[in-house]
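Engineer: I'd like to go over a predicted model; first the sequence, then the structure.
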Protein chains: 2
Amino acid sequence: MAFKGQAEYSVDSKGRVAIPAKMRKSMSPAANETFTITRGFEDCIFLYPMDRWSSIEEEIEELSMYDREVRNFVRLIMRWASEVSLDGQGRISIPNPLLDFAELNGSALILGAFDHIEIWDPDQFDGYLNEQPDDYETLAESVMR
Amino acid sequence: MAFKGQAEYSVDSKGRVAIPAKMRKSMSPAANETFTITRGFEDCIFLYPMDRWSSIEEEIEELSMYDREVRNFVRLIMRWASEVSLDGQGRISIPNPLLDFAELNGSALILGAFDHIEIWDPDQFDGYLNEQPDDYETLAESVMR
DNA sequence: GGACAATTCCCCACATTTCCCCACGCGGCT
DNA sequence: AGCCGCGTGGGGAAATGTGGGGAATTGTCC
């Protein structure tokens, strides 16, 4: 089941954020209430359920560490990655480095994004939207063919 | 399980550095809390769990020592290599030659890098990042196809 | 070959951080 | 109106990183 929807929740003083109940329910039991959280593209945080993440790891495993670009990429993706599990209240705690990276302070925008969940600082997301040259209709044309 | 995450820890006067608990836990028991530590690529130190290292040794074994380049490479990689084990507090001690090579003094950046752990001097790593021409998004496109 | 010095290894103790559990309040559903 | 689910906040206990001391080992010099 794909992740859908959005919510704006608070980030408490310990760096914890609630994951919307609807998204929690659309996770496979195989994920064991556990995510791999890492740096996303464009200033946000990605949250992959464990079962989905393991297929990404398989892709990375195919790469050759003797290639400079590969090393660079692996350093960037793995450096920010860590495993996080839901606590009894359905929250995760975001590691400090990622809090800084995404410039989260006080509140967070949680987005369902098909195979993963994204966490944005609300202001950063506004900025991102304004930067995009193409509107929804144009994008659909070029992406969906 | 792959190595993930980053941490900035201190290198004490005896050349000891703690390995983050999360990385220790993602090691196979077959590694027996032992690493092969050696010179890495791009001014850092590589730390391979024993079980992973033995597969690298198998790769090297396939190479022909009658090839000049092979001899050269083998000298470079094996010269710096040594076995280190975790002490009771989850630390390793870094051999002096490698401390000098990586220009470590006082603090170290520990990076999870999938099949190995990297140890950087924080300033060196900053420099490395700044040298890279491509950003994360561009790298991902070209590396992950 | 033996004694000394230096280094390495292992163990213990402390301070901080992280993790897990419990309690409250708001809102929607029955 | 009452109940249950959901997001929010805080406190206590265990785990984690840091520093230092003493014993065993190694290498060196006489």
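Structural biologist: All right, it came through fine.

Engineer: Please count neighbours and contacts with C-alpha atoms only from this point.
Structural biologist: OK.

Engineer: average pLDDT across the helix or strand encompassing A:F125?
Structural biologist: Assigned by DSSP states H and E, A:F125 falls within helix A:122-131. Averaging pLDDT along helix A:122-131 gives 93.

Engineer: which helices and strands sit right next to it?
Structural biologist: Packed against helix A:122-131, as judged by 3 or more CA pairs under 8 Å, 6 or more residues apart in numbering or on different chains; DSSP states H and E, are the following elements: strand A:107-113.

Engineer: my read is A:I77 is in a helix, agree?
Structural biologist: Yes. Using DSSP: H, G, I helix; E, B strand; the rest coil, the assignment for A:I77 is a helix.

Engineer: Now for it, how many residues are close by?
Structural biologist: 19 (other CA atoms under 10 Å in any protein chain shown).

Engineer: before we move on, what about A:E131?
Structural biologist: 9.

Engineer: re earlier: so which residues make contact with the helix holding A:F125?
Structural biologist: A:E8, A:E42, A:D43, A:S107, A:A108, A:L109 (CA atoms under 8 Å, 6 or more residues apart in numbering or on different chains).

Engineer: please redo it, this time with the cut-off set to 6 Å
Structural biologist: With contacts defined as CA atoms under 6 Å, 6 or more residues apart in numbering or on different chains, helix A:122-131 is touched by A:L109.

Engineer: Could you look up the SS state of the residue nearest to the spatial centre of chain A?
Structural biologist: In chain A, the centroid-proximal residue (CA atoms, centre = their mean) is A:F46; its distance is 1.2 Å. When classified by three-state DSSP, A:F46 comes out as strand.

Engineer: Wait, it touches A:R52, no?
Structural biologist: No. Contact criterion CA atoms under 6 Å: A:F46 and A:R52 do not qualify, at 12.0 Å.

Engineer: which non-adjacent residue is nearest A:N105?
Structural biologist: The shortest distance from A:N105 to any non-neighbouring residue, by CA to CA, 6 or more residues apart in numbering or on different chains, is to A:V11 (6.8 Å).

Engineer: let me redo that: A:A18
Structural biologist: Distance criterion CA to CA, 6+ apart; nearest residue to A:A18, sequence neighbours excluded, is A:R91 at 4.0 Å.

Engineer: Check the gap between that neighbour and A:R75 for me.
Structural biologist: Plainly put, A:R91 is 27 Å away from A:R75 if you go by CA to CA, to the nearest Å.

Engineer: more crowded one of those two?
Structural biologist: A:R75 (20 against 17).

Engineer: Tell me how far the more buried one lies from chain B.
Structural biologist: Distance, A:R75 to chain B, using CA to the nearest CA, to the nearest Å: 6 Å.

Engineer: Contact partners for that residue?
Structural biologist: A:R75 makes contact with B:A113 under the criterion CA under 6 Å, 6+ apart.

Engineer: What ranges does chain A have for its strands?
Structural biologist: Applying DSSP state E to chain A gives strands spanning A:6-10, A:16-18, A:34-39, A:45-49, A:82-85, A:91-93, A:107-113, A:116-120.
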